[in-house]
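Undergrad: Quick one: sequence plus predicted model below, questions after.
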Amino acid sequence: MLVKTYGSAVYGVDALTITIEVSVTTGTKYFVVGLPDNAVKESMFRVESAIKTSGYHMPRQRIVVNLAPADIRKEGSAYDLPIAIGILAASGQIDADELQNYFIMGELSLDGGLQSIKGALPISIQARNANFKGFILPKINSREAGIVNNVAVFGMETLAEVIDFFKGGERPAPVVVDTREEFDQQINNYEQDFSDVKGQENIKRALEIAAAGGHNVILIGPPGAGKTMLAKRLPTILPPLNLQEALESTKIYSVAGKLPTANALMTERPFRSPHHTISDVALVGGGMNPQPGEISLAHNGVLFLDELPEFKRTVLEVMRQPLEDRKVTISRARFSVEYPSSFMLIASMNPCPCGFFNHPEKECLCGPGIVQKYLSKISGPLLDRIDLHVEVTPVNFTELASSREAEKSSSIRERVMKARAVQDKRFETNDALHFNAQMSPNMVRQICVIDETGQVLIKRAMEKLGLSARAYDRILKVARTIADLAESENIEPEHLAEAIHYRSLDRESWAG
């Protein structure tokens with residue numbers, strides 16, 4: 001007897017429908033065809049044990065399982081459950097009438113329990129798009145899938161429960177998640193706050209500008225100056241995720257299997273901080289079975305690279321294209337997948353190997369040329385994509401011991417959101433642009449117009465400070481953001497002066 005059940009395969013951050021055809025006929029042996037990986041091939045042992053533990057029998061006949069379309073590779077153990085249900089239906093142990101109405105996905109334990117799967121959200125979206133009546137999956141993933149409207153989601157704990165479902169037994173109520181309520185309750189539920197940071201008002205100002213314009217930042221300073229502490233609080237001043245951004249981030253974390261089980265929806269902007277030993281594949285994504293990398297997990301949030309010169313050069317260079325395109329494409333011989341990667345980069349570094357170059361009190365122990373050699377580990381093209389270079393100096397004891405309460409993140413966020421609103425209006429006719437950092441050189445010429453005084457100022461700065469030509473557009477973009485924060489229609493000389501101040505590493509005299 002031939003029976004069909006339905007599941008899904010995830011490619012990139014989207015899913016497609018997979019038909020699991022099960023044929024039980026006279027003969028012996030068990031075959032799985034349709035480009036299965038090892039995890040799918042090994043399903044026979046898990047399926048047989050789970051069926052027996054649930055009180056049913058495994059047919060001692062020829063069983064052929066075909067995963068269609070047969071030219072697409074099937075990966076993972078989530079096909080265990082649809083295969084098991086297909087075998088039971090094909091052998092006449094359960095009724096097959098309703099199988100065509102449901103997506104079925106789940107990994108089986110030997111005792112018949114259901115283990116979690118990856119990509120429950122995109123699979124649930126595909127079930128709705130393909131007009132299926134419902135989606136049956138492990139209970140642990142049910143809230144994640146339940147945020148999708150117009151498809152009934154049933155969370156199950158064991159194979160026996162799924163069998164009872166199709167035998168007409170008592171059915172559980174579908175999982176319903178109020179997406180808007182979930183989103184509103186948990187939005188911006190951050191543990192850190194900028195009020196925790198004593199002093200460093202100039203650095204907070206730089207991060208406020210970065211958040212307002214979506215600019216990338218590099219913090220340069222000695223150990224213990226507060227670079228990491230400040231970076232971790234950057235997400236708290238970014239505008240809250242909107243519902244569309246939250247769904248995009250949730251899909252990526254769902255595919256990667258990193259979505260917290262307590263949450264049905266990502267409500268905070270992601271903050272990813274990979275160690276400097278990370279490989280290029282782990283950073284941008286890929287692998288034998290492609291998975292999102294750190295830059296995609298940071299989509300709509302912040303990617304923090306601590307001690308930037310310690311990262312391998314190849315790792316840093318692979319970020320150049322994603323920083324510009326805001327997406328990454330992983331290509332293989334048979335297929336290619338695309339992951340979104342629109343993130344803010346914030347990096348930190350010591351000014352030299354010993355960490356005390358330009359320190360107000362401690363002496364640098366590095367020899368001649370060592371500082372320049374250390375800084376040259378960061379290539380010019382990568383540095384070109386970082387708009388703000390901020391020098392961080394240590395906090396003195398008076399500021400550290402002060403009882404004066406610092407400004408809270410919520411107050412800074414309000415100013416950032418006002419500036420972003422100005423940019424939303426400015427770029428409303430262009431769906432690909434959302435903030436100033438994304439402007440092309442041509443748009444910079446049109447939007448960042450400066451008067452004669454400003455032209456003289458920037459010319460003088462480039463000549464006296466030895467600023468490179470690539471710094472020109474970056475200065476104008478940052479100046480436009482500073483003007484937006486000041487609610488000014490025009491870029492004034494004071495806005496330009498502040499923007500010029502944030503180009504430390506472009507100065508020829510900076511490293512001696």
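TA: Received, thanks.

Undergrad: Now do stretch 466-479: distance to the chain's middle.
TA: How far stretch 466-479 lies from its chain's middle: 29 Å, per CA atoms, centre = their mean, to the nearest Å.

Undergrad: Now the most centrally placed residue in the chain: closest residue in space, sequence neighbours ignored.
TA: Closest residue to the average C-alpha location of the chain: residue 297 at 2.2 Å, with CA atoms, centre = their mean. In this structure, residue 297 finds its nearest non-sequential neighbour in residue 272, 5.2 Å apart by CB to CB, 6 or more residues apart in numbering. (C-beta placed from N, C-alpha, C; glycine too.)

Undergrad: if I pick that neighbour, what's in contact with it?
TA: The contact partners of residue 272, by CB atoms under 8 Å, 6 or more residues apart in numbering, come to 294, 297-298, 301-304.

Undergrad: Tell me which of those fall in strands.
TA: Members of the contacts of residue 272 lying in strands (criterion: DSSP state E): 302-304.

Undergrad: Of these, just say which sits nearest to residue 322.
TA: residue 303 (9.8 Å; CB to CB).

Undergrad: so how far is residue 321 from the closest one?
TA: Remark: distance between residue 303 and residue 321 (CB to CB, to the nearest Å) = 15 Å.

Undergrad: quick revisit: return the backbone torsion pair for the residue nearest to residue 297.
TA: Per-residue torsions, residue 272: phi -110, psi 130 (degrees, to the nearest 10).

Undergrad: repeat for residue 331
TA: Per degrees, to the nearest 10, the backbone of residue 331 is at phi -110, psi 140.

Undergrad: following the biggest helix by length in the chain, which helix or strand shows up next?
TA: Counting residues, the longest helix found in the chain (DSSP state H) is helix 409-426. Using DSSP states H and E, the next helix or strand after helix 409-426 towards the C-terminus is helix 441-447.

Undergrad: Which parts of the stretch 251-400 of the chain are helices?
TA: All helices of the stretch 251-400 of the chain, identified by DSSP state H, counting those that start in this stretch, fall at 280-284, 294-297, 313-317, 320-325, 370-375, 380-383, 397-401.

Undergrad: mind saving the C-alpha coords of the first one as PDB?
TA: Extracted in PDB, the C-alpha atoms of helix 280-284 (Å, rounded to 0.1, in the frame of the first residue of the first chain):
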ATOM      1  CA  ASP A 280      35.400  32.600   8.300                       C
ATOM      2  CA  VAL A 281      32.600  30.000   7.700                       C
ATOM      3  CA  ALA A 282      31.300  30.400  11.300                       C
ATOM      4  CA  LEU A 283      31.300  34.200  10.800                       C
ATOM      5  CA  VAL A 284      29.500  34.500   7.400                       C
END
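
Undergrad: Residue 314: neighbour count?
TA: 10 (other CB atoms under 10 Å).

Undergrad: wait, I meant residue 384
TA: By other CB under 10 Å, neighbour count at residue 384 equals 16.

Undergrad: how about it, phi and psi?
TA: phi -60, psi -20.

Undergrad: per-residue pLDDT, it?
TA: pLDDT, residue 384: 79.

Undergrad: again with residue 73
TA: At residue 73, the pLDDT value in this model is 86.

Undergrad: ok, for it, nearest residue in space, not its chain neighbours?
TA: residue 35 (4.6 Å).

Undergrad: From what I see, the one you found and residue 68 are in contact.
TA: No - the criterion here is CB atoms under 8 Å, and residue 35 misses it with residue 68 at 10.1 Å.

Undergrad: wait, doesn't residue 64 sit right on residue 22?
TA: Yes - contact criterion CB under 8 Å: residue 64 and residue 22 qualify, at 7.5 Å.

Undergrad: neighbour count winner among those two?
TA: For residue 64 and residue 22, the more surrounded residue by other CB under 10 Å is residue 22, and the numbers stand at 24 against 17.

Undergrad: Pop the domain breakdown of the protein in here.
TA: 2-166, 186-420, 439-512 (automatic domain parsing).

Undergrad: Nearest to residue 175 among those domains would be which one?
TA: Of the domains of the chain, nearest to residue 175 by CB to CB is domain 2-166, at 3.8 Å.

Undergrad: Please identify the most buried of the domains of the chain.
TA: Sort these by mean neighbour count, taking mean count of other CB atoms under 10 Å, and domain 2-166 sits at the top with a mean of 20.

Undergrad: For that domain, measure first residue to last.
TA: Taking CA to CA, to the nearest Å as the measure, domain 2-166 stretches 17 Å from start to finish.

Undergrad: Stretch 419-436 too?
TA: Span of stretch 419-436 from end to end, CA to CA: 10 Å.

Undergrad: now stretch 366-380
TA: Using CA to CA, one end of stretch 366-380 lies 23 Å from the other.

Undergrad: same question, stretch 343-360
TA: End-to-end distance (CA to CA), stretch 343-360: 34 Å.

Undergrad: Give me the residues contacting stretch 288-299.
TA: 12-13, 37, 75, 248-249, 252-253, 255-256, 258, 270-272, 274, 278, 281-286, 303, 319, 322, 328, 330, 332, 337, 339-343.

Undergrad: any weak-confidence spans in the protein?
TA: By pLDDT under 70, the low-scoring segments of the chain are 182-189, 262, 397, 400, 469-470, 506-512.

Undergrad: And residue 226, how far from residue 203?
TA: 7 Å.

Undergrad: tell me which element the closest residue to residue 478 other than its chain neighbours falls in.
TA: Leaving aside its sequence neighbours, residue 478 sits nearest to residue 499 (CB to CB, 6+ apart; 4.0 Å). Residue 499 belongs to helix 493-501 when assigned by DSSP H and E.

Undergrad: same check, this time on residue 4
TA: When elements are assigned from DSSP H and E, residue 4 belongs to strand 2-11.

Undergrad: Pull the residues that contact that strand.
TA: 15-23, 72, 74-75, 78-79, 82-83, 85-86, 89-90, 96, 99-100, 102-105, 118-119, 122-123, 126-127, 132, 255, 335, 337.

Undergrad: top strand in the chain by residue count?
TA: strand 14-25.

Undergrad: same for the very next helix or strand once past it, what does it pack against?
TA: Moving toward the C-terminus from strand 14-25, the next helix or strand (DSSP H and E) is strand 30-33. Contacts defined by 3 or more CB pairs under 8 Å, 6 or more residues apart in numbering; DSSP states H and E place strand 30-33 against helix 43-53, strand 62-68.

Undergrad: Name the residues that touch whichever helix or strand comes after strand 30-33?
TA: Using DSSP H and E, the helix or strand that follows strand 30-33 in sequence is helix 38-41. By CB under 8 Å, 6+ apart, the residues outside helix 38-41 that reach it are 32, 67, 74-77, 79.

Undergrad: from those, which single one is nearest residue 382?
TA: residue 75 (33.4 Å).

Undergrad: what's the nearest residue to the closest one if we skip its chain neighbours?
TA: residue 37 (4.7 Å).

Undergrad: Kindly report the same for residue 44.
TA: residue 30 (4.9 Å).

Undergrad: Verify the contact between that neighbour and residue 59 for me.
TA: No - look at residue 30 against residue 59 with CB under 8 Å: they stay out of range, at 9.6 Å.

Undergrad: so what's in contact with residue 226 and residue 203 at the same time?
TA: Counting by CB under 8 Å, 6+ apart, the contacts common to residue 226 and residue 203 are residue 392.

Undergrad: Which residue ranges of the stretch 101-250 of the chain form strands?
TA: Counting by DSSP state E, counting those that start in this stretch, one finds strands in the stretch 101-250 of the chain at the ranges 102-104, 107-108, 114-115, 134-138, 152-156, 217-220.

Undergrad: Turn those strands into CSV, including distance to residue 437.
TA: CSV is the format used below for the strands of the stretch 101-250 of the chain (distance: least, CB to CB, whole Å):
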stretch, distance to residue 437
strand 102-104, 40
strand 107-108, 42
strand 114-115, 42
strand 134-138, 39
strand 152-156, 39
strand 217-220, 11
